[in-house]
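structure here, sequence nowhere to be found:
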């Protein structure tokens, strides 16, 4: 048994947490003079919250840790795909090394669960997928991982992708991905038939990138929801981005939020800057929709943004919604922690309304972030660097540095 | 003479800078073994850029350095005014102490020039204005300051404000302010008559907060431009925010950008998150309009955002425009440095097109930021903490800590 002593759940009163078998076994008021036979971690009165889940990562593209590379490539999705294709073999580190470095950096900043895409196309074939599998295996004791086979360059634009996706699923991909069935692949029905067909054949959930804007986006979303219902895929579909929801009239958004909740379709956001792309976050969580936050590609061939720190991204989520009330800043941290966790496990607790503070109670996983701060709102604003990260009751990082890590 | 050796202007080749009488007297290639009789600052190969100008600060409202205070108050401008009015006397520190602390923090992070508002209304009368004057006097050797008499609660809504504004101008306010002549004060013609009348009587420039959205904002802007032209106030008017420019059709925006350039009306932005509020930044700077960046209120009764770090705000400017190209990230730093400086001195150099790198040449002020980094784009993304700040050739801060500062 490990005692995590003198921590304040969500900034509340000081408690001691007994951690056993990877879970919180007991929570009691902090007793300064408590005797304890096992391991003992001094929380120093810091705040404790559930560790982060990065619900939307692209570990196979990150260039973090390498010399800064001038950005190249155009603004459209296909421009970015081609720019990545032209350059992804250039870096001095292999894809495995890059993915492993970035995942380690994320854990060091507070992540203990990740949903990561691995690109599959006719150029890289399964090389990036296998590299991501190797990287998450290296960190398996620090971070749970779900690997999504992602047809980033489209399923249909280039022959051979579907077969490669199928091979990835045979090799253990956890989720089958799709991307912009209308805008990128130009044939949404066939695209979705393939994705849902693979999901059925390999008994895996679905995760679809949906950058499509406004009414195009919500139309495609409608096709996805029809198939979710018809195929009994409730609780097994996640939509990434879903920009369309932020770009149509409020009545349409409200109708779709209701349907997402009814079908238990989850969503991930990366807190994008563009007008008309922000998710209706409060409506979604109020309706009980599972919503997680992710860092997307981090300093890669698509974007120079992203730095491995989910607390920075939590600030960004608050900022892009112009949230100011403390309960709403806390809610952003709940999305980045409890919310993301519910994308990996649909049976784990939902976020609840702003102000609810779950995830640090008896029975919860001992995946915890201990962070210096006065209150959660101030932590989101200031993003303090004094952090300790626990995975299954074990300290895996301290002061933004991984413990016991020997890179392969 | 001071030698600032081994620095890379805008990330270019290493040089040594001779600093004399507060200016850059000579720039030459870095010579490792150079002998030098006077003061010597080792730049350690870091990047050097002009120091920041915060072109839009509210020093009299900041609560930085104090315990985090839960946010209160509603979302509208008048809600925020009333929330501030109810609480501004509560903090444990006086307004002078708070303003001085925040300005010191800003200098420690790289600011050497500030344009700050000081609220004047029937409640606080001149108390906040005098506190800001005291705070900028305390830091006068580290930071040039322009103090704007700001009728934050309106000029006309409450009787007595105009007389207080006039008294502030007699007591040395550098600029006469206005705010939302249509939306807040409901009588734009009378509001602008008062503002421009005071400007003429006291021979000071004008600075008008313009939160008004869309076509209302550009209509009010039109009234301001008419008066600027009619009264010969070219080069002496600054518009803060100017949200309307980001909320109307491109043709209207283009016409107004042209007129702003023709009349040399400057603009400040705080890189806001709300859709439809971003300035047409590249159009403005391409047209030669002076544009600066500021932090607005920082952790005050309006907002929990803002932390004294203009480099964080520069990242925010890039992020809100979704800039990714290196030249555009550099351009944001140019706005935050060269751009802001041109708001204090209309005769100082304009920013130029993205990619131009001014402000570190012979004759330029020796107000410099030396910062660790590979290139400017990476500095904007990573916001490194290893910084040295020079004001008029003298080191005033190092490692985010002020030198030789004894708070009053």
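Perfect, I can see it now. Since this is a predicted model, take the numbers as computed values, not measurements. Residues are numbered from 1 along each chain as shown, chains lettered A, B, ... in the order given.

going forward, measure contacts and count neighbours with C-alpha atoms only.
OK.

neighbours of whichever residue of the stretch 1-150 of chain A sits closest to chain B, how many?
Closest to chain B within the stretch 1-150 of chain A is residue A:71: 5.3 Å, counting by Cα to the nearest Cα. As a burial measure, residue A:71 scores 18 neighbours (other Cα atoms under 10 Å in any protein chain shown).

all strands for the stretch 1-150 of chain A, in order.
A:2-9, A:15-20, A:23-29, A:39-50, A:52-57, A:111-119, A:144-150 (DSSP state E, counting those that start in this stretch).

of all those strands, which gets the most neighbours per residue?
Highest mean neighbour count of the strands of the stretch 1-150 of chain A: strand A:52-57, a mean of 30 (counted as mean count of other Cα atoms under 10 Å in any protein chain shown).

how about residues contacting it?
A:110-117, A:240, A:268-270, A:292-297, A:310, A:336-338, A:340-341, A:343, A:369 (Cα atoms under 8 Å, 6 or more residues apart in numbering or on different chains).

quick one on the thing from earlier: mind listing what the residue of the stretch 1-150 of chain A closest to chain B touches?
A:301, A:302, A:303, A:304, B:324, B:325, B:326 are the contacts of residue A:71 under Cα under 8 Å, 6+ apart.

equivalent analysis for residue A:99, please.
So residue A:99 contacts A:59, A:60, A:61, A:62, A:131, A:132, A:135 (Cα under 8 Å, 6+ apart).

mind redoing it with 7 Å?
A:59, A:60, A:62, A:132, A:135 (Cα atoms under 7 Å, 6 or more residues apart in numbering or on different chains).

neighbours around the second one, how many?
Yep, that's residue A:60 we're talking about. With other Cα under 10 Å as criterion, residue A:60 counts 30.

quick one, phi psi at it?
phi -80, psi 0 (degrees, to the nearest 10).

which parts of the stretch 51-200 of chain A sit against chain B?
A:68, A:70, A:71, A:72 (Cα under 7 Å from any Cα of the partner chain).

those residues: which two are farthest apart?
Across these, no pair lies farther apart than A:68 and A:72, at 12.2 Å, counting by Cα to Cα.

domain map for chain A?
Per automatic domain parsing, the domain ranges recorded for chain A read A:2-50+A:360-398, A:52-344.

dump those domains to a markdown table, plus mean pLDDT.
Below are the domains of chain A laid out as a markdown table (pLDDT from 0 to 100):
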| stretch | mean pLDDT |
| --- | --- |
| domain A:2-50+A:360-398 | 95 |
| domain A:52-344 | 97 |
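
out of the ones you listed, which is closest to residue B:8?
domain A:52-344 (16.2 Å).

rewinding a little: check the contacts of residue A:99 and tell me the two furthest apart.
Once Cα to Cα is applied, the contacts of residue A:99 give A:62 and A:135 as the farthest pair, at 12.3 Å.

neighbour count: these two, which is higher?
Per other Cα under 10 Å, whichever of residue A:62 and residue A:135 has more neighbours is residue A:62, with 29 against 26.

secondary structure element holding the nearest residue to that one once chain neighbours are set aside?
Of all residues not flanking residue A:62 in the chain, residue A:300 sits nearest, at 4.9 Å (Cα to Cα, 6 or more residues apart in numbering or on different chains). Taking DSSP states H and E as the definition, residue A:300 sits outside all helices and strands.

surely residue A:300 touches residue A:66?
No: if you go by Cα atoms under 7 Å, residue A:300 and residue A:66 don't touch, sitting 10.5 Å apart.

those two: which has the busier surroundings?
residue A:300 (22 against 13).

need the contact list for the more buried one.
Counting by Cα under 7 Å, 6+ apart, residue A:300 has contacts A:61, A:62, A:63.

got it, and residue A:202?
Residue A:202 sits in contact with residue A:169, where contact means Cα under 7 Å, 6+ apart.

any idea how far residue A:196 is from it?
Separation of residue A:202 from residue A:196 (Cα to Cα, to the nearest Å): 10 Å.

what's the closest non-adjacent residue to residue A:363?
residue A:24 (5.3 Å).

for that neighbour, what are its contacts?
By Cα under 7 Å, 6+ apart, the neighbours of residue A:24 are A:17, A:18, A:361, A:362, A:363, A:364, A:365, A:366.

ok, 10 Å please
Contacts for residue A:24 (Cα atoms under 10 Å, 6 or more residues apart in numbering or on different chains) come out as A:2-4, A:17-18, A:359-368, A:392-393.

point me to the residue of the stretch 151-300 of chain A nearest chain B.
For the stretch 151-300 of chain A, Cα to the nearest Cα, closest residue to chain B: residue A:275, 4.9 Å.

residues in contact with the closest residue to that residue other than its chain neighbours?
Closest residue in space to residue A:275, ignoring its immediate chain neighbours: residue B:275 at 4.9 Å, by Cα to Cα, 6+ apart. Neighbour list for residue B:275: A:273, A:274, A:275, A:276, A:277, A:278, A:320, A:321, B:243, B:246, B:247, B:320 [criterion: Cα under 10 Å, 6+ apart].

picking that back up, so what sits against both of residue A:202 and residue A:196?
In contact with both residue A:202 and residue A:196: residue A:176, using Cα under 10 Å, 6+ apart.

buried stuff in stretch A:386-401?
For stretch A:386-401, a neighbour-count test (16 or more other Cα atoms under 10 Å in any protein chain shown) marks A:387-398, A:400-401 as buried.

and that stretch, end to end?
11 Å.

do any residues in it lie close to chain B?
No: legend: contact between stretch A:386-401 and chain B by Cα under 10 Å from any Cα of the partner chain is lacking; minimum distance shown is 15.3 Å.

tell me how far that stretch lies from the chain's centre.
19 Å (Cα atoms, centre = their mean, to the nearest Å).

how about residue A:154, phi and psi?
Per degrees, to the nearest 10, the backbone of residue A:154 is at phi 100, psi 150.

and it, how far is that from residue A:190?
12 Å.

anything in contact with each of the two?
residue A:181.

the more surrounded of these two?
More crowded of residue A:154 and residue A:190, by other Cα under 10 Å: residue A:154, with 24 against 13.

in this structure the more buried one contacts residue A:180, no?
Yes: Residue A:154 is in contact with residue A:180 according to Cα atoms under 10 Å; the separation is 7.9 Å.
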